[in-house]
Every structure is written in C-alpha cells, then in structure tokens.
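Chemist: Coordinates for the following, if possible.
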Amino acid sequence: MRVIAAEEITKNVREMCIEANVNLSEDMEKAIRDSVESEDSPLGKQILGQLCENLDIAKENDIPICQDTGMAVFFVNVGQDVHIEGMNITDAINEGVRQGYTDGYLRKSVVKDPLIRENTKDNTPAIIHYDIVPGDKIEITIAPKGFGSENMSKVYMLKPADGEEGVKAAVLQAVKDAGPNACPPVFVGVGLGGDFELAAKLAKKALTRKVGVHSDREHIARIESELLEMINNTGIGPGGLGGKTTALAVNIETYATHIAGMPLAVNMCCHVNRHVTRVL
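Modeler: Numbering: from 1, shown residues only. Next up, the predicted model:
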C-alpha cells in the first residue's frame with residue numbers, strides 16, 4: 001500500500017489548472033499550425049494564422065489562451081493500492097481548482113445552482129470522473145471545457161438498425177448544426193455505446209486522445225478518418241467563414257451496449273482543446 005498526501009494532489013491540480021489554460025499540448029498545437037499550410041481559403045488561412053499568433057501571445061505572456069477558462073473536468077485513475085492521507089480526494093482536487101483559478105487569475109465561470117446562477121467565485125466544484133485501476137499510482141487528467149463548444153454537443157439514442165451510416169449521419173449533423181458557434185476548427189469527441197450517460201462521458205474523454213492516434217479497432221479507426229473527411233467537406237471552415245479546415249480530429253471511444261440500443265454522444269470542442277496529465 002502506497003500513501004499519497006492529499007496536499008500533493010492539491011498542489012499538482014493547482015499547477016495543472018494554470019498550465020492547461022496557458023499552453024496547448026504539443027500535438028494539439030501542431031495540428032493547428034499544420035492546418036495553416038493545408039488550408040486553401042485565403043480568409044481561412046488568415047484566421048488560422050491569427051489562432052497561431054494567439055497561442056504565441058498566451059505562451060510568451062503566461063496568460064490564458066482563451067477568455068473562457070472553462071469548467072474544470074477531471075479524469076482520475078486511482079490505483080487500488082493507493083491510500084490517500086488527509087482530506088478525501090474530491091476535496092483535495094477541488095481545493096487545487098480553487099487555488100489554481102484564484103492564483104492564476106483565471107476566469108471563474110461556475111455557478112452554484114443552474115437556475116439561481118450565483119457564481120461560486122473560485123470555479124468549484126469541478127466535474128470529476130473516477131476509475132479504479134491496478135497499481136499504486138494516481139493518474140490525473142484535467143480538461144478545462146469552455147461552454148461555447150460544450151453547448152453545441154449532442155446525445156442521440158440511435159436504434160441498432162441505424163448502423164454505421166446512422167452514426168456518421170448523426171455526427172455530421174451535429175457538426176453542421178454547430179456551424180460557427182463551436183469556434184471551428186473543432187475537435188470532435190464521439191462516445192458510442194454504453195448507455196445514456198456513459199456515451200457522453202466517453203465523448204468527453206475522447207477529446208483527450210492525442211491528435212493522429214486512432215482507435216485500436218480497425219472499423220472504428222476507419223470511421224474516424226471518414227468522418228473527418230466528411231466534416232471538412234462541409235465548407236464551414238475556420239471561424240465558420242469557409243474553407244476545408246472545419247475539424248482537426250475526430251476521436252471515437254466505444255463501449256459495450258444493450259441489444260435494444262445504440263447510444264451516441266458528440267462532444268464538440270473548439271481549437272482550444274486543453275488537457276494536461278500527471279501521474280503521482
């Protein structure tokens with residue numbers, strides 16, 4: 001049994017909140033920069049160039065890439081041989097968010113109640129997904145999620161008879177419905193299978209996969225590639241102003257499901273697809 005102090009979790013989460021909002025991961029940044037060269041539309045190319053300039057300014061000045069610093073979403077793999085000493089892990093993570101968003105001067109966007117709308121003033125509580133895994137380590141991934149693109153996400157309860165073509169049609173329609181409102185170029189996370197709520201979780205988690213890394217299931221990897229081409233043929237383009245760079249990646253995560261259903265979730269993310277992972 002390995003002991004990890006709750007204070008160590010808080011310290012790392014604090015740092016991750018700031019890091020994720022100031023710097024994109026290398027693969028995400030490369031995808032945006034590479035798209036400047038491949039985009040044919042002059043206006044689209046100009047917009048992508050401005051996005052790259054924005055990344056440089058954020059990095060050089062240690063300021064957020066986007067004014068919407070998101071709701072803090074976490075995927076946490078807890079080793080079954082870990083004991084956490086001190087406060088419980090949820091409180092430790094929320095304390096890290098509280099410190100990170102306050103000390104980092106990040107915008108606080110969380111309200112206590114969906115209807116009363118009173119701001120919590122420290123961006124807590126976070127949304128935390130836990131999985132118990134073998135081992136004596138804790139792997140924490142933060143994925144701050146802005147709501148411009150989050151609001152464009154969809155959940156469909158498809159019928160098994162809809163099949164592959166139904167899946168592709170639904171994902172494509174979600175992107176078309178989002179249009180410019182999801183701040184394209186977008187990253188498209190897709191959850192397929194499970195049930196109503198697991199499909200949505202899978203879609204969110206799919207956004208944390210590295211650009212260019214496809215599903216290890218051959219038929220799913222093929223659908224990812226086909227959907228990316230279909231989406232980029234819509235002509236929505238950067239900023240929704242035309243071009244062939246509407247999406248930078250389509251990632252699909254799957255899970256077993258019931259014989260009577262085929263849940264599908266599409267989680268849209270703007271070009272600021274932020275995530276950082278640390279292992280304690």
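Chemist: Just give me the residue closest to the centre of the chain.
Modeler: Leu207 (4.2 Å; Cα atoms, centre = their mean).
Chemist: Now that one. Nearest residue, chain neighbours left out?
Modeler: In space, not counting the residues next to it along the chain, Leu207 is nearest to Gly189; the distance is 3.9 Å by Cβ to Cβ, 6 or more residues apart in numbering. For glycine as for every other residue, the C-beta is placed from the backbone atoms N, C-alpha and C.
Chemist: Within the helices and strands, which one has the one you found?
Modeler: Assigned by DSSP states H and E, Gly189 belongs to strand 186-194.
Chemist: other SSEs contacting the helix or strand just after that strand?
Modeler: Using DSSP H and E, the helix or strand that follows strand 186-194 towards the C-terminus is helix 196-206. Counting contacts by 3 or more Cβ pairs under 8 Å, 6 or more residues apart in numbering; DSSP states H and E, helix 196-206 packs against strand 154-158, strand 186-194, strand 247-257, strand 262-269.
Chemist: what angle do the shortest one and strand 186-194 make?
Modeler: Spelled out, it's strand 154-158. 30 degrees (axes from the mean of the first three to the mean of the last three Cα atoms, to 10 degrees).
Chemist: which secondary structure elements does strand 154-158 contact?
Modeler: Secondary elements touching strand 154-158 (3+ Cβ pairs under 8 Å, 6+ apart): helix 163-178, helix 196-206, strand 262-269.
Chemist: average pLDDT across the second one?
Modeler: In this model, helix 196-206 has a mean pLDDT of 98.
Chemist: Give me the buried positions along the next helix or strand after it.
Modeler: Remark: after helix 196-206, the chain's next helix or strand is helix 218-232, criterion DSSP H and E. Using 16 or more other Cβ atoms under 10 Å as the test for burial, helix 218-232 gives Ile220, Ile223, Glu224, Leu227, Leu228, Met230, Ile231, Asn232.
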